[in-house]
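*Asks:* based on what follows, work out the 3D shape:
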Amino acid sequence: MKIALIGQSAFGKAVLEALAARAEHEIVGIFAAPDRSRSREPLATAAEDMNFPVWQFKRMRDQECIDVFQSLNADLCVMAYVTDIVPNEIINSPTQGTIQYHPSLLPLHRGPSSINWAIIQGDTETGLSIFWPDEGLDTGPILLQKKVDIASEDSVGSLYFNHLFPMGVEAIIESVDLVAASNAPKTIQDESAATYEGWCGAKEAHIDWSKGATEVHNLIRGCDPQPGAWSTLNDQKVAFFGSKIASLDKSDTQPGTISDIDDAGMTIACGVGSVKIRRGRIERGPKSNAADLGLSLGNRFS
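*Replies:* Next comes the predicted model:
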């Protein structure tokens, strides 16, 4: 098949490398995200190094982008980590359609921060979906899915890089093979089971220490490494990383109070129980071991 790839970052690069290793397919074009102000887009760099034609449109909806894509006469479009809105003129252009990677078990956790919300909401299982995108947001028919357990101390980073990233690359290649063999399923999503969450940003990452230790722990690891769950102390923003539950017992310590500091981190009281934090960051400073942040017993976050 003639394949066009839309994507970005390390995941898009890995998918390109995996597709390029399959001699039976021809990669006819790469559509990468624009470069950041201080760094070159990894997918674009890889495409250039491998001598594939690459474009970096600011918006996939621009007519110039649509015209270029349609001129490629692709048989299949593969969308690997896409945050821009891709118009139907592109999605429906390839003769075999378009397939897309999404890091959740659709129809659960539709939306742009699906890994974050699965952890924040305390899910013990998630996975990935390869689906056929349509005019909705993560609503198209499912081609295949793969499941993975969420361990009690998994963060967004560990879950993605240890599981959903490598599994996702493999799943895309498996899906391409199914399409090439005319054996790719199109299973309609169950709308009665659908959930959607928006971006997990700074507002959503603010910690309410009056909540129980389990809920606070899930928020911290569900925002690790981005956007970073945070609180304030002396009008300074402090972000927390590397959380585990220290206790589930109720105590008389005020929620948000540092009750212990040692080389392994600092313990902070919650509404019920407490969490232990391994690393932190004050304002825009570097991430440091929590014991090295200059905080003291009795300090109380708000």
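*Asks:* can you give me the helices in this protein?
*Replies:* According to DSSP state H, the chain carries its helices in the segments 9-20, 42-49, 63-71, 88-91, 114-120, 156-159, 165-180, 213-222.
*Asks:* what lies in contact with stretch 287-302?
*Replies:* Residues outside stretch 287-302 that contact it (Cβ atoms under 8 Å, 6 or more residues apart in numbering) are 207, 209, 231-233, 238, 240-242, 254, 256-266, 268, 277-282. For the C-beta atoms, the positions are set from N, CA and C on the backbone; glycine is no exception.
*Asks:* hmm, try it at 7 Å
*Replies:* 209, 231-233, 238, 241, 254, 256-258, 261-263, 265-266, 268, 277-282 (Cβ atoms under 7 Å, 6 or more residues apart in numbering).
*Asks:* in that stretch, what counts as buried?
*Replies:* 287, 290, 291, 293, 295, 299, 301 (16 or more other Cβ atoms under 10 Å).
*Asks:* do stretch 239-249 as well
*Replies:* 239, 240, 241, 242, 243, 244, 245, 246, 247.
*Asks:* dump these into CSV; add pLDDT and distance to residue 20 as well.
*Replies:* Output for the buried residues of stretch 239-249, formatted as CSV (pLDDT from 0 to 100; distance: Cβ to Cβ, whole Å):
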residue, pLDDT, distance to residue 20
239, 98, 38
240, 98, 40
241, 98, 35
242, 98, 37
243, 97, 39
244, 97, 41
245, 98, 44
246, 98, 48
247, 97, 51
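*Asks:* could you export these as TSV, including distance to residue 163?
*Replies:* Below are the buried residues of stretch 239-249 laid out as TSV (distance: Cβ to Cβ, whole Å):
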residue	distance to residue 163
239	24
240	23
241	19
242	18
243	19
244	19
245	22
246	26
247	29
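*Asks:* list just the nearest of the residues you listed to residue 19.
*Replies:* residue 241 (34.0 Å; Cβ to Cβ).
*Asks:* ok, that closest one touching residue 286?
*Replies:* No - at 11.6 Å, residue 241 and residue 286 do not qualify as touching, with contact defined as Cβ atoms under 7 Å.
*Asks:* brilliant, that's me finished.
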